[in-house]
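Student: sharing a model prediction with you, sequence too.
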Amino acid sequence: MLLHEEKTALIINSFYKVYNTLGYGFLEKVYENAILIEPCVKSPYN
């Protein structure tokens with residue numbers, strides 16, 4: 001079992017959701033901002 005399995009899964013799933021939603025061709029900063037927002041949107045702690 002991984003030490004931070006839940007957090008790792010959240011990060012990876014957020015990446016795929018952002019990439020599949022936005023597609024390719026944006027600057028890195030666009031993806032970075034979207035990945036920072038995505039976990040907050042679907043966090044169970046909201």
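Tutor: Happy to help now that I have it.
Student: what residue is smack in the middle of this protein?
Tutor: For the chain, S14 is the residue whose C-alpha lies nearest the centre (CA atoms, centre = their mean; 2.3 Å).
Student: tell me which element it falls in.
Tutor: Element membership for S14, per DSSP states H and E: helix 5-22.
Student: next, the buried residues of that helix.
Tutor: For helix 5-22, a neighbour-count test (16 or more other CB atoms under 10 Å) marks L10, S14, K17, V18 as buried. Just so you know, the C-beta spots here come from the backbone N, C-alpha and C atoms, and that holds for glycine as well.
Student: now the residue nearest to the centre of the chain. Nearest residue, chain neighbours left out?
Tutor: Spatial nearest neighbour of S14, chain neighbours left out: E38 (4.1 Å); criterion: CB to CB, 6 or more residues apart in numbering.
Student: E5 versus Y19, what's the distance?
Tutor: 21 Å (CB to CB, to the nearest Å).
Student: surely F15 and I35 touch.
Tutor: Yes - F15 lies in contact with I35 (CB atoms under 8 Å); the separation is 6.1 Å.
Student: which ones are touching L22?
Tutor: Counting by CB atoms under 8 Å, 6 or more residues apart in numbering, L22 touches V30, Y31, A34.
Student: which neighbouring elements make contact with whichever strand or helix holds V30?
Tutor: Following DSSP H and E, one finds V30 within helix 28-42. Other elements packing on helix 28-42 under the criterion 3 or more CB pairs under 8 Å, 6 or more residues apart in numbering; DSSP states H and E are helix 5-22.
Student: so what touches the helix holding V30?
Tutor: Applying CB under 8 Å, 6+ apart, the contact partners of helix 28-42 are L10, I11, S14, F15, K17, V18, Y19, T21, L22, N46.
Student: contacting residues for the fourth one?
Tutor: Taking CB under 8 Å, 6+ apart as the contact definition, F15 lies against I35.
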